[in-house]
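**Student:** Let's see this in three dimensions:
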Amino acid sequence: MLRLIKYILYDILRNRFILFYTLFLFLSTYAMFQLDSDTSKVILSMLNIVLMVVPLVSIIFTTIHFYNSYEFIEMMLAQPINRSVIFMSQYIAVSVSMSLGFFIGTGTPMLIYGIPDAGYALLLSGFMLTMVFVSMAFLASVITRDKAKAIGMALLFWFYFVLIYDALMLWIVYTFSDYPLEKPILALISANPVDLARVMLLLKLDISALMGFTGAFYRDFFGSNLGIYFAMSVLILWVVIPLWLSMRIFRKKDL
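**Tutor:** The predicted structure is shown next:
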């Protein structure tokens, strides 16, 4: 399995897209530090990139890579290798390469200027979102053999969690404002990994005015530290569940 992971990882790291992705994150983060000496403002500025660009790049690159590797996967399936090993090798290699690109691109400028406490939360949030959306990309890829449909499904995942969800949350809060919403809101927050990552970082920054309704509720319900631990636990489930579903489909699918 390690040899297979090493081969796939080497093949991915030669891809220029990973280099461009890393360079984009590096230049963006470096520019933010150049424009403002306040590290808290820099982290907040980087938050939008982490919440929108990182999930989008992770889910699209992973989906395209899976279909570009279809012939290699079929060749490996012809060998006496367990399907789970092949699948997990692909997942680990893609996750490691995307995570390395994120950590190098975002973390290097932080090392140069000094990593604030909230910077670690930003790196953790970006890493978890990378893992989550790579898992979702694999799920979209194993559901259908049509590359266009899989990319469309992956974009739909991103569009819903990044753009549609907040509007849906505001509509629910406004419509049912006369009812106690504490527990339903907690469930709704947990149903969106992007919102969980945002709240986790804002709890670390402790900026009440920018938290919005969900963040303020999270802080009041859990407190900062417990809220961060709860968010991390749910994010791990967001990684594991799509990965488990996609592996189950892959093991039974006739390629």
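**Student:** Low-confidence stretches in this protein?
**Tutor:** Applying pLDDT under 70 to the chain flags residues 177, 179-183, 206-225, 227, 254-255.
**Student:** element containing the most centrally placed residue in it, please.
**Tutor:** Compute the mean C-alpha point of the chain, and by CA atoms, centre = their mean the closest residue is L129, 1.8 Å away. Using DSSP states H and E, L129 maps to helix 117-143.
**Student:** buried ones in the next helix or strand after that helix?
**Tutor:** As assigned by DSSP H and E, the chain's next helix or strand after helix 117-143 is helix 147-159. For helix 147-159, the buried set under the neighbour-count rule, 16 or more other CB atoms under 10 Å, comprises 150-151, 153-154, 157-158. Heads up, the C-betas are built off the backbone N, CA and C, glycines and all.
**Student:** can you pull the contacts of the residue lying farthest from the centre of the chain?
**Tutor:** Largest separation from the mean C-alpha position in the chain: D178, at 34.4 Å (CA atoms, centre = their mean). Applying CB atoms under 8 Å, 6 or more residues apart in numbering, one finds that D178 lies in contact with no residue.
**Student:** SS state for it?
**Tutor:** Following DSSP: H, G, I helix; E, B strand; the rest coil, we place D178 in the coil state.
**Student:** Next, count neighbours for P55.
**Tutor:** P55 is flanked by 25 other residues according to other CB atoms under 10 Å.
**Student:** now do the one 10 residues further on
**Tutor:** For H65, the number of neighbouring residues by other CB under 10 Å comes to 22.
**Student:** Give me the spatial nearest neighbour of it, chain neighbours excluded.
**Tutor:** In this structure, H65 finds its nearest non-sequential neighbour in V94, 6.1 Å apart by CB to CB, 6 or more residues apart in numbering.
**Student:** Okay, and that neighbour sits in which element?
**Tutor:** helix 83-113.
**Student:** in that helix, what's buried?
**Tutor:** For helix 83-113, the neighbour count (16+ other CB under 10 Å) marks 83, 86-103, 105-107, 109-110, 113 as buried.
**Student:** Repeat that for stretch 53-64.
**Tutor:** For stretch 53-64, burial by neighbour count (16+ other CB under 10 Å) applies to 53-64.
**Student:** Contact partners for L100?
**Tutor:** Going by CB under 8 Å, 6+ apart, L100 touches 13, 22.
**Student:** Make 537 the first number, not 1, from now on.
**Tutor:** From this message on, residue numbering opens at 537, which makes the last subject L636.
**Student:** quick one: V593 and F556 touch, right?
**Tutor:** No: here V593 does not reach F556: they are 9.7 Å apart, not a contact under CB atoms under 8 Å.
**Student:** Can you give me the neighbour number for L538?
**Tutor:** Counted with other CB under 10 Å, L538 comes out at 8.
**Student:** if we can go back for a sec, my read is that the residue nearest to H601 contacts I548, right?
**Tutor:** Yes: at 6.5 Å, V630 counts as touching I548 under the criterion of CB under 8 Å.
**Student:** Please write out the alpha-carbon positions of stretch 776-783 in CSV.
**Tutor:** The C-alpha coordinates for stretch 776-783 follow below in CSV (Å, rounded to 0.1, in the frame of the first residue of the first chain):
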residue,chain,number,x,y,z
VAL,A,776,-15.3,9.7,7.5
ILE,A,777,-18.9,9.3,6.4
PRO,A,778,-18.6,10.3,2.7
LEU,A,779,-15.3,8.4,2.5
TRP,A,780,-17.0,5.2,4.0
LEU,A,781,-19.9,5.6,1.6
SER,A,782,-17.7,6.0,-1.5
MET,A,783,-15.5,3.1,-0.5
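**Student:** Pull out the buried residues from that stretch.
**Tutor:** Judged by neighbour count using 16+ other CB under 10 Å, the buried positions of stretch 776-783 are 778-779, 781-783.
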